[in-house]
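Participant: structure for this input, please:
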Amino acid sequence: MAILSHTLRAPPRARYPLAVPSSAHRLLTTHAGSLPRPDDLIELNRARQSGDAPDERTYQERLRAAVADVVRRQREVGIDLPGDGEYGKAMGQRVNYGAWWSYSFQRLGGLTLGTELYRLPPRRSEGGEVRLTSFSDRRDRQRFAAAYADPQSGVSTNPGGGPGMRIPVCVAPLTYTGQAAIRADIDHLTAALRAAGIAQGFMTSIAPGSASRIGNEHYRTEEEFIYACADAMREEYKAIVDAGLILQLDDPAIAENWDMINPAPSPEAYRKFSMIRVEALNHALRGLPAERIRFHLCWGSWHGPHVTDIPLRDIVEVMLAVNCRAYSFEAANVRHEHEWRVWQDVKLPEGKVLIPGVVSHATNVVEHPELVADRIVRFVRLVGCDHVMAGTDCGLGGRVHPEIAWAKLESLVEGAALASKQL
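Facilitator: This is a model prediction of the structure:
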């Protein structure tokens with residue numbers, strides 16, 4: 001398939017597995033995964049986390065109904081490629097930025113609970129060795145320490161998850177223990193898609209580079225530990241793909257690790273550091289069909305200044321090295337919206353698809369559909385309609401109020417329709 005610059009037409013169904021009507025200039029929509037959870041499901045998860053759990057059958061029945069409802073609502077809004085809202089990744093409170101990551105703590109064997117996220121000690125890179133520091137020692141947090149410490153500032157003080165979230169430590173060989181959980185997630189989503197008359201959906205799973213940002217007391221080297229994460233999580237990746245779903249790999253660490261290295265490394269050193277994680281991910285994906293896989297990269301979901309984010313231009317080749325069909329990334333966040341220009345200079349590889357975020361999780365302002373359309377058209381005019389789907393910067397669930405999240409999805413769909421008319 002040639003890379004098109006000005007020939008604009010709808011993506012043929014065979015090129016990216018979507019069951020949607022084919023019509024001229026039909027731009028498709030999806031999102032990054034997390035959607036607002038119902039309050040009663042949040043309460044059930046809170047009870048489970050505190051040890052006051054309902055029986056498993058009651059919980060799974062409620063989870064199944066919630067997934068059916070969120071898929072139906074996505075269909076009603078007009079999302080072409082829906083997901084399960086990440087409802088199987090438990091949140092015990094409405095505001096939670098970390099469920100995409102913390103769910104894996106319950107699906108990996110060989111771990112024991114360690115220190116609270118924001119009590120981890122800082123680590124410095126020395127002697128040319130690139131090392132991740134602690135979450136509390138991020139360069140953005142250090143530069144704006146007063147703002148992060150002020151509860152009235154509106155700056156998120158806990159971007160990793162709920163209050164007091166503890167990070168596990170690997171103390172034995174890593175194994176995948178989430179077979180029952182992923183099977184339930186798959187069953188709930190596939191049943192919901194059938195009930196809604198939708199032929200295709202996607203499900204998220206954490207990539208090894210992000211999953212490995214926990215303690216390690218068992219493996220000799222960091223690289224060995226990352227590959228152990230890759231081998232363990234491969235079982236989940238394969239289950240999702242084998243079920244006929246699109247697999248989305250969540251890996252914000254590829255971008256946001258930059259802010260967790262103190263002092264800042266050179267871009268070259270950071271790319272080398274990041275490619276170890278991409279190579280481990282590709283190892284986990286070996287033999288799986290790339291056309292059924294997409295990769296999500298972002299700079300983190302917290303509502304902070306983000307002045308220490310690495311530019312997309314410095315890591316775009318790292319992102320494109322992932323063996324997948326489509327790439328989801330932030331393009332509406334005000335710190336990164338200008339980076340659509342990267343694609344003026346970087347050629348999208350043959351047969352690939354971009355899923356730029358055109359509504360943001362980082363503001364309560366609902367983007368106007370005409371602005372959404374403008375954002376979409378920029379990308380289409382650079383890489384062609386065959387190679388663009390409209391998405392969100394990151395998951396909306398746990399980041400903005402449910403009413404605002406759904407209004408943003410409505411604006412996403414309306415903006416895609418306006419963009420289609422312009423092409």
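Participant: all contacts plus neighbour counts: C-alpha atoms, from now on.
Facilitator: Fine.
Participant: would you map the helices across the stretch 201-350 of the chain?
Facilitator: For the stretch 201-350 of the chain, the helices defined by DSSP state H, counting those that start in this stretch cover 208-211, 222-242, 253-256, 267-284, 312-320, 342-345.
Participant: give me whichever of the ones you listed is most buried.
Facilitator: Across the helices of the stretch 201-350 of the chain, averaging neighbours per residue (mean count of other Cα atoms under 10 Å) puts helix 208-211 on top, at a mean of 25.
Participant: tell me the mean pLDDT for that helix?
Facilitator: In this model, helix 208-211 has an average pLDDT of 97.
Participant: any idea how far that helix is from the chain center?
Facilitator: 12 Å (Cα atoms, centre = their mean, to the nearest Å).
Participant: strands along the protein, start to end?
Facilitator: Assigned by DSSP state E, the strands in the chain fall at 108-116, 166-176, 202-206, 215-216, 246-250, 293-297, 326-329, 353-359, 391-392.
Participant: picking up where we left off before, of all the helices of the stretch 201-350 of the chain, which one is nearest Leu81?
Facilitator: helix 222-242 (15.1 Å; Cα to Cα).
Participant: the closest one vs helix 267-284, what angle?
Facilitator: 50 degrees (axes from the mean of the first three to the mean of the last three Cα atoms, to 10 degrees).
Participant: and helix 222-242, what does it pack onto?
Facilitator: Contacts defined by 3 or more Cα pairs under 8 Å, 6 or more residues apart in numbering; DSSP states H and E place helix 222-242 against strand 166-176, helix 179-196, strand 202-206, helix 208-211, strand 246-250, helix 267-284.
Participant: in PDB, list the C-alpha atoms belonging to the shortest one.
Facilitator: Once non-C-alpha atoms are left out, helix 208-211 reads as follows in PDB (Å, rounded to 0.1, in the frame of the first residue of the first chain):
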ATOM      1  CA  PRO A 208       6.900  -4.800  29.300                       C
ATOM      2  CA  GLY A 209       8.800  -1.500  29.400                       C
ATOM      3  CA  SER A 210       6.000   0.000  31.600                       C
ATOM      4  CA  ALA A 211       5.300  -3.200  33.500                       C
END
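Participant: so which residue is dead centre in the protein?
Facilitator: Geometric centre of the chain, nearest residue: Asp250, 3.9 Å, by Cα atoms, centre = their mean.
Participant: against Ile198, how distant is that one?
Facilitator: Going from Asp250 to Ile198 by Cα to Cα, to the nearest Å gives 23 Å.
Participant: same thing with Arg124?
Facilitator: 49 Å.
Participant: go on, Glu217?
Facilitator: The value you get for Glu217 to Ile198, if Cα to Cα is used, is 45 Å.
Participant: neighbour count for the two, which is higher?
Facilitator: Higher neighbour count among Glu217 and Ile198: Ile198, with 19 against 12, using other Cα atoms under 10 Å.
Participant: pLDDT score assigned to the more buried one?
Facilitator: At Ile198, the pLDDT recorded in the model is 97.
Participant: cool, and Gly287?
Facilitator: Per-residue pLDDT puts Gly287 at 98.
Participant: just Thr115 next, same as before
Facilitator: Note on Thr115: pLDDT of 87.
Participant: repeat for Ile226
Facilitator: pLDDT, Ile226: 98.
Participant: contacting residues around it?
Facilitator: Contact partners of Ile226, counting by Cα atoms under 8 Å, 6 or more residues apart in numbering, are Pro208, Gly209, Ser212, Arg277, Ala280.
Participant: to His387, which of the helices and strands packed on helix 222-242 lies closest?
Facilitator: Using Cα to Cα, the helices and strands packed on helix 222-242 put strand 246-250 closest to His387, at 16.7 Å.
Participant: for the closest one, name the packing helices and strands.
Facilitator: strand 202-206, helix 222-242, strand 293-297.
Participant: compute the inter-axis angle for the second one and strand 108-116.
Facilitator: Read that as helix 222-242. An angle of 120 degrees separates the directions of helix 222-242 and strand 108-116 when computed by the same axes, to 10 degrees.
Participant: and helix 222-242 with strand 293-297, angle?
Facilitator: Put simply, helix 222-242 runs at 130 degrees to strand 293-297, going by the same axes, to 10 degrees.
Participant: what distance do you get for the nearest residue to His296 once chain neighbours are set aside to Val388?
Facilitator: Leaving out its chain neighbours, the residue that sits closest to His296 by Cα to Cα, 6 or more residues apart in numbering is Ser328, at 4.5 Å. Ser328 sits at a distance of 10 Å from Val388 (criterion: Cα to Cα).
Participant: specify the beta-bridge partners of the residue nearest to His296.
Facilitator: For Ser328, the beta-bridge partners are His296, Ile355 (DSSP bridges).
Participant: surely it meets Gly391?
Facilitator: Yes. At 7.4 Å, Ser328 counts as touching Gly391 under the criterion of Cα atoms under 8 Å.
Participant: in terms of neighbours, single out the busier of these two.
Facilitator: Higher neighbour count among Ser328 and Gly391: Gly391, with 32 against 28, using other Cα under 10 Å.
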